[in-house]
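A.B. asks: Here is a sequence with its predicted model. Questions after.
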Amino acid sequence: MWQYKRKSPLKEIRKPFMMPTLNRHGFLNIPLCICYTAFALMLFGTLGLLRRERHLVETQLRLDRCVEKTAINLHKTLNKIEDLNKDIRMTSAELMVDIEPNSRIALQIKLSADVMAQEMIVRSWPKNQAQWIAQQGCD
């Protein structure tokens, strides 16, 4: 007669690392978890780089605005000096041509006023530079 042979419990203990043959659910869990973790790390790294880049761009824009104000101020100052130079040249030319004493005195007064105005503008610029440096550039 046929007899049922029972398996020894030691054989079951010896094979703990074998995958079950019928239960294949979840065999992609570990690779997908690794992929998701790598994706999350890349995402956070990219967000960190974008945040850093945004901070740098904001700082650069703030500096550009500050330098723009100073450059516009310098440009206006140079335009004033150039206009005064033109007036001084014209007045000097008129002084050389003019013979009448009354108009000559008026032209000399105008010439000295233009020269003084130009000197005041030129001397005020280092003061503005010192203020800008004392503020350490921009606000």
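C.D. replies: All right, it came through fine.

A.B. asks: Tell me where the protein is predicted with low confidence.
C.D. replies: 1-27, 137-139 (pLDDT under 70).

A.B. asks: From C66, how far out is the most centrally placed residue in it?
C.D. replies: Centrality entry for the chain: nearest residue to the mean C-alpha point is Q60, 1.4 Å, by CA atoms, centre = their mean. Distance of Q60 to C66, computed by CB to CB, to the nearest Å: 11 Å. No exception for glycine: its C-beta is placed from N, CA and C like everyone else's.

A.B. asks: Mind checking what secondary structure the residue nearest to the centre of the chain has?
C.D. replies: helix (DSSP: H, G, I helix; E, B strand; the rest coil).

A.B. asks: And it, how close does it get to Q136?
C.D. replies: In terms of CB to CB, Q60 sits 17 Å off from Q136.

A.B. asks: Give me the distance from stretch 79-86 to the chain's centre.
C.D. replies: From the chain centre to the centre of stretch 79-86 is a distance of 34 Å (CA atoms, centre = their mean, to the nearest Å).

A.B. asks: Oops, could you answer that again for stretch 74-91 instead?
C.D. replies: Using CA atoms, centre = their mean, the offset of stretch 74-91 from its chain centre is 34 Å.

A.B. asks: so what does whatever helix or strand D83 lives in touch, helix or strand wise?
C.D. replies: Secondary structure from DSSP states H and E places D83 in helix 29-97. In terms of contacts (3 or more CB pairs under 8 Å, 6 or more residues apart in numbering; DSSP states H and E), helix 29-97 is packed against helix 101-134.

A.B. asks: The helix it packs on packs against which elements?
C.D. replies: Using 3+ CB pairs under 8 Å, 6+ apart: helix 101-134 touches helix 29-97.

A.B. asks: Also compute the angle for the helix it packs on relative to helix 101-134, please.
C.D. replies: Angle, helix 29-97 to helix 101-134, by axes from the mean of the first three to the mean of the last three CA atoms, to 10 degrees: 160 degrees.

A.B. asks: Give me the distance between helix 29-97 and the centre of its chain.
C.D. replies: With CA atoms, centre = their mean, you get 6 Å for helix 29-97.
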